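J.: With the input below, show me the fold.
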Amino acid sequence: MQRAPSSDSRITAGTLALAAIALLIGGAFAGLILEGASDLSGAASAFDPYLLRVARFTLWQAVLSTLLSVVPALFVARALSRHPRFFGRDFILQLFAVPLALPAIVAALGILALYGRAGYFSGPFSQIGGQSWPGIYGLSGILIAHVFFNLPLSVRLFLEALGTVPADQWRLASQLGMGAVPAFRLIEWPVLRAALPGVAGLVFMLCITSFTIVLTLGGGPAATTLEVAIYQALRFDFDPARAVTLTLLQIALTFVVVLVLMRLGANTVGDANLPVASRRYLSASMAETVVNATLIVLASLFVAGPMAATLVAGLGADLGRLAGESAVRQATLTSAVLALLSALLSVALSLSLIMARRALALKRGIGTRTLLEHATDTGAGFVLVVPPIVIGAGWFLLLRTVSDVFAIASVMVVAVNAVMAMPFAVRAVRPAYDAASERHERLCAQLGISGWNRLRLVDWPSLRRPLATGFAFAMALSLGDLGVIALFGSDSVQTLPYLLLARMGSYRTADAAGLALLLGLVCLALVFAADWLGRGERT
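T.: Residues are numbered from 1 along each chain as shown. Have a look, this model is predicted:
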């Protein structure tokens, strides 16, 4: 292995990237600590029945959401696995990938359009119940939204696990005349059982850190999670002491979940590259085929319903009038600029960490990994412990005494969204960079090519598509994010999600539907572009 030079610009870039991440997270913690220290009695008094009720609801809704998402996903994934080739299968798998790209506030509007008090299903539900349909605000709405997002994700992850079953096992099962039940018990269940803790842990973390869904569908104090309570304590009650206590409790819960996820080896970025369907040697009976088809159709309709409702409601809005409004044009421009800057910063930080990690590994040789190498390897994952609303709350408290916090909204949105997208960007870029380094490291060292010249002349051809993939995904995540802008947004700085939330709050549902359609289509286009670029690189 060719050792990297002792003074490598890649290591310097990675160190600066780590310093930027540490500054963002450390500044948030500094704001929380300073605020808590200045009002210890207020922070202590926040440990009241309200705090316990919010913490209990946060855990309860996450547990229920996990069960309702993961358990049905086991059977849907098995049904898809048992029928690896049928008309429409690829479309269903693509359909199950859409919720990963859809902003939470767009999905919430689609769910309200379908199941809300004035939704498309309100008439049939009223007739069935014999009284006016009350809608789904509260726990029921939160659960439906979480299942909408996490059932397809769980199906894809379980299907990926089932794809690892060797073909020899299926061939042997066919030779032995094994039926569906013994095949599930002896072949499929051991694989699913091994994947179950990681998938369930990932879904639980996504639900326990859910902000936008609870904010839009919670419907009141009875259905409030810790993150929403932090937002309310700062923006409505302006109770910094309570916000500090809520934030510290949220960090503690998230830290415990992340530790469990790391131990379980869960896929923390929620991405699943589905394998090509392997040859199967067992054919399903007619009864099993009917059951499997029913499961697949029901799951597909459940996932497609909110998306179809969003499309229909959005097309029913006065899109021409919305496009002519100065507020909409300004919010669109603001969203585009902030998302562009956030995506650029995200891929720059991610690439810096990836290059530094590789350079440090080459410099080390076969020795023990240093703390800096370990930090560059896991630096992008630091953000998993601290949700965006927590970082925003910390900086909100830190800056409120020295400047106008709303004046720096743009900076906070770009910085936090860039760091939050880093795990996705690292996942897209790191394999390509490691492969390029393996091919070119010795030649670059012999020719003395380093720094910008190496990146431009040697690495760029291999990294162009992966960087574009990470950039598109980071831009989509930033466009649809509501966490930070919910704290720092104002009349002067509004993004599309913030404007959409404002229109919902003022009961301008038609306008909100039109904005949701616009936002959803743009984010979907970006994520599908990222997927296409990624597939092109793999092929």
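
J.: With Pro49 as the reference, measure out to Met420.
T.: Counting by Cβ to Cβ, to the nearest Å, the gap from Met420 to Pro49 is 33 Å. C-betas here are computed from N, CA, C, even on glycine.

J.: Looking at these two, which one has more neighbours?
T.: Neighbour totals were compared for Met420 and Pro49, and Met420 leads with 24 against 7 (other Cβ atoms under 10 Å).

J.: Show the model's pLDDT score for Ser300.
T.: Ser300 carries a pLDDT value of 94.

J.: gap between it and Phe396?
T.: Applying Cβ to Cβ to Ser300 and Phe396 gives a distance of 42 Å.

J.: ditto for Thr370
T.: 35 Å.

J.: The two: which is more packed in?
T.: Neighbours per residue (other Cβ under 10 Å) separate Thr370 from Phe396, with Phe396 holding more: 26 against 12.

J.: wait, doesn't the more buried one sit right on Ala233?
T.: No. Applying Cβ atoms under 8 Å, one finds Phe396 not in contact with Ala233, separated by 10.5 Å.

J.: Overlap of the contact sets of those two?
T.: Common neighbours of Phe396 and Ala233 are not found (criterion: Cβ atoms under 8 Å, 6 or more residues apart in numbering).

J.: Buried residues, whichever strand or helix holds Ile11. List them.
T.: In this structure, Ile11 is located in helix 9-38 according to DSSP states H and E. Judged by neighbour count using 16 or more other Cβ atoms under 10 Å, the buried positions of helix 9-38 are 9-11, 13-15, 17-18, 20-21, 24-25, 27-29, 31-32, 35-36.

J.: repeat for stretch 43-55
T.: Buried residues in stretch 43-55 (16+ other Cβ under 10 Å): 43, 46, 51, 54-55.

J.: cool, stretch 182-202 as well?
T.: If you call a residue buried by 16+ other Cβ under 10 Å, then stretch 182-202 has these buried ones: 183, 187-188, 191-192, 195-196, 198-202.

J.: and after the longest helix belonging to the chain, which helix or strand comes next?
T.: Longest helix in the chain by number of residues (criterion: DSSP state H): helix 326-364. Downstream of helix 326-364, the next assigned helix or strand under DSSP H and E is helix 371-378.

J.: what's the helix or strand where Val147 lies packed up against?
T.: Per DSSP H and E, Val147 falls inside helix 139-162. The contact analysis (3 or more Cβ pairs under 8 Å, 6 or more residues apart in numbering; DSSP states H and E) places helix 139-162 against helix 49-82, helix 89-97, helix 104-115, helix 189-208, helix 212-217, helix 286-315.

J.: could you point out which element follows it?
T.: Heading C-terminal from helix 139-162 (DSSP H and E), you reach helix 167-175.

J.: Spell out which residues make up each domain of this protein.
T.: 10-38+318-539, 47-315 (automatic domain parsing).

J.: Below-threshold pLDDT in the stretch 351-500 of the chain: ranges please.
T.: 365-367, 382 (pLDDT under 70).

J.: And the pLDDT for Asp271?
T.: 51.

J.: Can you check the pLDDT for the closest residue to Val244 other than its chain neighbours?
T.: Once flanking residues are discounted, Val244 sits nearest to Gly36: 4.4 Å by Cβ to Cβ, 6 or more residues apart in numbering. For Gly36, the model assigns a pLDDT of 79.

J.: cool, Gly265 as well?
T.: At Gly265, the predicted lDDT confidence score is 62.

J.: now swap in Gln2 and tell me
T.: Gln2 is assigned 51 on the pLDDT scale.

J.: just Pro275 next, same as before
T.: Confidence for Pro275, expressed as pLDDT, is 47.

J.: Please shift the residue numbers so they start at 49 in all later answers.
T.: Noted, 49 is the first residue going forward, which turns the last one into Pro323.

J.: Show me how far stretch 496-513 is from its chain's centre.
T.: Distance of stretch 496-513 from its chain centroid, counting by Cα atoms, centre = their mean, to the nearest Å, is 30 Å.
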